[in-house]
Every structure is written in structure tokens, then in C-alpha cells.
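Trainee: just need the structure, nothing else, for what follows:
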Amino acid sequence: EAANRKSSMKFLSGLPKAGKYFGSEWSFATFRVPASKCIAGFGQEPNTVVVLCGDGTYHKARHDPEEGKDMQAVEYATFDQSVVAN
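Mentor: Numbers count the residues shown, from 1 in each chain. The predicted structure is shown next:
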């Protein structure tokens, strides 16, 4: 049985409710976006994440716990200066 690799964020493993999450590199499900500078958070709907990227893209993905595979993209949008209110 392979050992569970440790994350570079292992120092956060002492936090309550976050210990095992930050101490491991194994993931429950993955979702990748092409942009490199992004911020992600959990969505309002169960089993969803939203990702906002510096290139002006928005991504939303959903995980199906019954199926157990990687997350699937459910929304995508591109923003530019024309949609920014002054």
C-alpha cells in the first residue's frame, strides 16, 4: 500500500477542522482550469466549487458523490472590461 504523500501546506494540519485536508495531497475529486492565477471557493449548491481567474474567466464545477469521479464543469463565462461597472 502506497504511503499518503504530504502537502507543502502541512503546517496548516494543526488547525481544527482542516487537519487531514491540508496534510494530504490525495484529493476526493479534481477540477482543472487552464489559467494559472485563480481563486477557488465552495459554491452555494452542495458539491460545487467556483473558480475566478485573473484571465477573466469564471468556472463552476459539480461533483457527484454517487458516481465518485472527477468534478464536471457546469458553468463557464469570460469577463472583460466591457462588463465592469464604473
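Trainee: number of nearby residues for H59?
Mentor: By other Cβ atoms under 10 Å, the residues close to H59 number 22. (Each C-beta comes from the backbone N, C-alpha and C, glycine too.)
Trainee: one more: E45?
Mentor: Neighbours of E45 under the rule other Cβ under 10 Å: 10.
Trainee: OK, contacts around it?
Mentor: Going by Cβ atoms under 8 Å, 6 or more residues apart in numbering, E45 touches R62.
Trainee: three-state assignment of it?
Mentor: Judged by DSSP: H, G, I helix; E, B strand; the rest coil, the three-state class of E45 is coil.
Trainee: and it, what's its pLDDT?
Mentor: pLDDT recorded at E45 is 94.
Trainee: quick one: it and P65, what's the gap?
Mentor: 13 Å (Cβ to Cβ, to the nearest Å).
Trainee: surely N47 and K60 touch.
Mentor: No - between N47 and K60 there is no contact under Cβ atoms under 8 Å: 11.3 Å.
Trainee: which of these two has more neighbours?
Mentor: K60 (17 against 13).
Trainee: please, where are all the helices along the protein?
Mentor: Counting by DSSP state H, the chain has helices at residues 19-23.
Trainee: show me the strands in the protein, by range?
Mentor: 38-42, 48-53, 57-62, 72-78 (DSSP state E).
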